[in-house]
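> Provided below for reference: sequence and predicted model.
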Amino acid sequence: MPGVTNDRSVHADADADADTIELSDLMPWSVAPLRLGRGWPVAPDAASLKARWETFVRGDAARRETLLEPTRSRTLHTAASQLPGQRTGTEPLVHAEGACPEPVRVLHGPFDEQWLIPDQRLIDEARPELWRVADERQLYLVEQGYVPDAGGPAVLAGAVLPEGRSPAGRPGRIRPLYRRPGAAEPNIAPGLLQHLSGTYDQEVTADDLFAWILAVAARGADRTCRVPLPVDPDVWLRGVELGRRVLWLERRGTGAERPKLPGGRRPYVRAPLPDRPTELLYDRAEDALLVGDGRISPVPAAAWDFQVSGVRVLEQWFARRTAPAEPGTLAAVRPKTWPQPWTSELLELITVLTLLAELGPQQAELRAALGDLITPAELTRARILPLPDTTRRPATVLDHQEEGPGGQFAIL
C-alpha cells in the first residue's frame, strides 16, 4: 500500500505457511457478512432513517412496493421474525405502520460506523446468530475478503456489530470473540488457551489471543488468513501489547478517551467545508485534505493512503456520504447540507488511520522476530487439532424469546 507500512497485508510464502495456524482453526465459528439487499435502511445519521421510514409507511401499497426495492428474499408480503434483542413489527411490510424501529449502530464498512434499521423485514440476510450474541462485552474480528495484490490489513476488529463486507465487495467472514452473551464461551479452539498458558507459564485469555491475532495476522500464500504463534513468551507479550493498541485504535478509543495526535500534528479545519461537498482530493505537498473548497490539515500521507482490500478508506468514507442518490428513492432522503458531526468524525478517522499506519513498522519488526513457532503438528499432538465440527457452528442461545412472523413466538 503506497505510503503505509502495514505488515498484516504481506503475503507469506508457502514454507512459512506450514508453520502458521489458519485463523479458522483458532477462532472456528464464523458468520458470513450481512446481505442487506437494499441500501436505504443504512445511513450515517439516525434522523435520515426515521424520515425514510415515515415516508415509506405513508405510502399506499403501490408506492411502498417501489420504495422498498423488493428482492426475491424480501417483498412487501414476506414474513420475518424480530431480530434478537430488537423490538420491531412482524406483520408484512404492506401493513406496517407507526414509528421507525429504533436505529442501531453498525460497522457498515472498515472504520465507518453508521446506523441501521434493525428490522429483518428490510434485510435479505441479517444473520440472527450474530445478533443473539451481541452485547457490550462482545468483540468482532472481521476477516477481509481476498483481493489480489490489494494492500491493507487482513483482519479488522471492533465492538460494533459489523456488516462484514469488504470495500471491494468480496465476501469475508465475521468471527465473534464469544459464542454466547456475557463474554461466555470464547470462540477459541478448545484447549488452546490452556496449551498457550502452559507454553508461556502465565495465564492466556481469549482477549490476549484476540490482541495477538490483530498484531500479526496476514494473508498466506494459500490466500487464507494465517496466524503465527511464537514459542518465546517475551515475543508473545510484545505482540499482545501491540495488538491491544491496534484494537483500541480500531474501536476509536474507550469511553471519554479518544485517539489524539500531538498538538502540532493534530488535523484542523483550515477552511470551512462547503454545504454540499462533492469532491475529495489530497495535496501531498501541503499535507492537506481538500473537501470541495474546504481544507483540513495537517493530514499525513499515511492516512490518505491507508487501504483496506485495495480501497482507500478516506475516499470510501466520503463517497458513502456524498454519492448522488436517485431522486424519488428512500436513499435520497438525507441531510440537505453536510452536518457538523461528520466533520468531527472525519477528523477522528484521519487521526486513527495515522496512528494505525505508524504501528506498521512495529508489526513488521515483531513478525521478523518471531523465532520458533508453535506448529499445527504440535497442536495436533496436543489433540487440539483437528477441531470438532461443533466448534464451527453457533451455540444455542435460549435466554430470551424472539417473536416470529405475525406475533408468533419464533422456534429456535
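Structure's in. What do you need? Numbering: from 1, shown residues only.

> show me where pLDDT drops low in the stretch 301-412 of the chain?
Applying pLDDT under 70 to the stretch 301-412 of the chain flags residues 398-402, 406-412.

> cutoff 90 now
396-412 (pLDDT under 90).

> strands of the stretch 1-150 of the chain, start to end?
According to DSSP state E, counting those that start in this stretch, the stretch 1-150 of the chain carries its strands in the segments 21-22, 42-43, 104-109, 112-116, 140-143.

> in a markdown table, list those along with mean pLDDT.
Converted to a markdown table, the strands of the stretch 1-150 of the chain look like this (pLDDT from 0 to 100):
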| stretch | mean pLDDT |
| --- | --- |
| strand 21-22 | 98 |
| strand 42-43 | 98 |
| strand 104-109 | 96 |
| strand 112-116 | 97 |
| strand 140-143 | 97 |
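
> could those go into CSV alongside mean neighbour count and distance to residue 194?
For every residue, glycine as well, the C-beta is placed using N, CA and C. Output for these, formatted as CSV (neighbours: other Cβ atoms under 10 Å; distance: least, Cβ to Cβ, whole Å):
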stretch, mean neighbour count, distance to residue 194
strand 21-22, 20, 16
strand 42-43, 24, 41
strand 104-109, 20, 32
strand 112-116, 20, 36
strand 140-143, 24, 21
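
> out of those strands, which gets nearest to residue 79?
In terms of Cβ to Cβ, the element of the strands of the stretch 1-150 of the chain nearest to residue 79 is strand 112-116, at 20.6 Å.

> residue 191: which of the strands of the stretch 1-150 of the chain is closest?
Nearest to residue 191, of those and by Cβ to Cβ, is strand 21-22 at 13.4 Å.

> pick out the residue nearest the middle of the protein.
residue 162 (4.3 Å; Cα atoms, centre = their mean).

> hey, what's the residue lying closest to that one once chain neighbours are set aside bridged with?
Spatially, and ignoring its direct neighbours in sequence, residue 162 is nearest to residue 107 (4.0 Å; Cβ to Cβ, 6 or more residues apart in numbering). For residue 107, the beta-bridge partners are residue 113, residue 162 (DSSP bridges).

> so residue 107 touches residue 158, yeah?
Yes: shown here, residue 107 and residue 158 form a contact pair, counting by Cβ atoms under 8 Å, at 5.2 Å.

> if we can go back for a sec, want to try a markdown table for the strands of the stretch 1-150 of the chain, with distance to residue 342 as columns?
Converted to a markdown table, the strands of the stretch 1-150 of the chain look like this (distance: least, Cβ to Cβ, whole Å):
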| stretch | distance to residue 342 |
| --- | --- |
| strand 21-22 | 39 |
| strand 42-43 | 12 |
| strand 104-109 | 14 |
| strand 112-116 | 11 |
| strand 140-143 | 23 |
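
> so which of the ones you listed comes closest to residue 326?
Here strand 42-43 is closest among the strands of the stretch 1-150 of the chain (Cβ to Cβ), at 15.2 Å.

> partners of that closest one in the sheet?
strand 112-116 (antiparallel).

> could you give the separation of the strand it pairs with from the chain centroid?
How far strand 112-116 lies from its chain's middle: 10 Å, per Cα atoms, centre = their mean, to the nearest Å.

> now swap in stretch 137-156 and tell me
Distance, centroid of stretch 137-156 to centroid of chain: 8 Å (Cα atoms, centre = their mean).

> before we move on, what about stretch 30-43?
Taking Cα atoms, centre = their mean, the mean C-alpha location of stretch 30-43 is offset from the chain mean by 12 Å.
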